[in-house]
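Chemist: The sequence and its predicted three-dimensional model are supplied below.
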Amino acid sequence: MTDVMRDVASLRMLQGMWRRAGETVGLVPTMGALHDGHMALARAAREECGKVIATIFVNPTQFGPTEDLDAYPDTFDADLQMLRELGVDVVFAPTRDVMYPAGFGTTVKVAGLTAPLCGAARPGHFDGVTQVVAKLLNLGQADRAYFGQKDWQQLAVVRQMVRDLNFPTEIVGIPTVRAEDGLALSSRNAYLTEAEREIAPILYRTIRDAAARVAAGHGATGVCEAAARGLLDKGFTRIDYLECRDATTLTPAETPDPGTARIFVAAQLGGARLIDNVSVG
C-alpha cells in the first residue's frame, strides 16, 4: 500500500526505519500530471531500489511571472493510482507552506550550465529547480534520484549541483519516452489542441534530421537556423532556441564531435512550450 505523506516529520521517521533496516532508497521528483515518462522513472527506481519515494509538488519558484503556474494540470488522484499500481512505497505531496515556510530565505544557484538554452529563455527558472531539488534530495535522503533526459539541461544542472555540494545521491538519467509518432511525452502536451497535436511531432523529426545533417559534416549553425525557420513555417509560433551544443558543458558546437554533441530545441506551439533534444551521433 502506498502511503501519502505531506509533512517532513513523517517522512523523516519512515526514512529512519528504512535506514536501520539497510534499505536502498530511490527518489522520483515530479510535479504531478503523470504520464508514461514519469512511470519510466518510477519503474527504474522500483527495479533498482528496495524502497521508492515519489514526490508530487508543483514548485512555484521555477515558474516565471507570466508562466503557467496557475494553469498547471492537477491530476493528483489519477497520479496516486498510477504510482500505487507500480508499487511506489511513499508519495510525498507537501503544500507550499511545508516546502517554503514563513521566513524561508535560501537559494541554490549553479553557474555556467544554467546560462544558455532554457536558462536564457526563462530567467531564474533553474534557480527554482536547484532550490527545490536540493530540498527534495535532503528530505528524501535517497541513494538514487531519477530524472528524464527530455530536459537534458535540467539533468546536467542537477548533476553539477550534486557534485559541487557533495550530496550522497546518484543522479540517474532515464531516456526520453515518446509517443508512437515521436513526440516526447510531457505534462504540458495536455495544452495542445487536436490540430496542434498533429503538428507537434514535427519538432522531433526536425531535430532528428538536423542531427543527421550535422553528423554528416554540415555546419551546425546553418543547419539549426534552417531547421528553426522550418518549424515556424509549419505552425510553431516561437522558437526559443534550436542549437547544437556539447552534451556535458552545454557550450556551442559548430564542428561537433558526434559522440558528445546534441541538438536542443524549445518551441512554442499554441499554449504549450515544447522541449526536446537528440544526440548528434
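Modeler: On my side now, so go ahead. Numbering: from 1, shown residues only.

Chemist: Stretch 115-130 - what's its average pLDDT?
Modeler: Within the predicted structure, the mean pLDDT of stretch 115-130 is 98.

Chemist: I meant stretch 210-217, not that one.
Modeler: Taken as a whole, stretch 210-217 carries a mean pLDDT of 95.

Chemist: Check stretch 100-112 too.
Modeler: Here the mean pLDDT over stretch 100-112 is 97, rounded to a whole number.

Chemist: Stretch 172-183 now?
Modeler: Averaging pLDDT along stretch 172-183 gives 98.

Chemist: Let's see the distance spanning it from one end to the other.
Modeler: 22 Å (CA to CA, to the nearest Å).

Chemist: Pull out the buried residues from it.
Modeler: Within stretch 172-183, the residues that count as buried by 16 or more other CB atoms under 10 Å are 172-174, 176-178, 183. Yep, even glycine has a C-beta here, placed from its N, CA and C like the rest.

Chemist: For that stretch, which outside residues touch it?
Modeler: The list of residues contacting stretch 172-183 from outside it, by CB atoms under 8 Å, 6 or more residues apart in numbering, reads 35-37, 40-41, 44, 48, 144-150, 155, 184-185, 189, 197, 200-201, 203-205, 208, 274, 276-277.

Chemist: Helices along the stretch 1-150 of the chain, start to end?
Modeler: If you assign secondary structure with DSSP state H, counting those that start in this stretch, the helices in the stretch 1-150 of the chain sit at 8-20, 36-48, 76-86, 96-99, 118-121, 125-140.

Chemist: Let me know the angle separating the third one from helix 36-48.
Modeler: When you say that, I think you mean helix 76-86. 30 degrees (axes from the mean of the first three to the mean of the last three CA atoms, to 10 degrees).

Chemist: mind exporting helix 76-86 as CSV, just the C-alpha atoms?
Modeler: The C-alpha atoms that make up helix 76-86 are tabulated as CSV, following Å, rounded to 0.1, in the frame of the first residue of the first chain:
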residue,chain,number,x,y,z
PHE,A,76,-3.5,14.0,-8.0
ASP,A,77,-6.0,11.2,-7.7
ALA,A,78,-5.0,9.7,-11.0
ASP,A,79,-1.3,10.2,-10.3
LEU,A,80,-1.6,8.4,-7.0
GLN,A,81,-3.4,5.4,-8.6
MET,A,82,-0.6,5.1,-11.2
LEU,A,83,2.1,5.1,-8.5
ARG,A,84,0.2,2.7,-6.4
GLU,A,85,-0.2,0.2,-9.3
LEU,A,86,3.6,0.4,-9.8
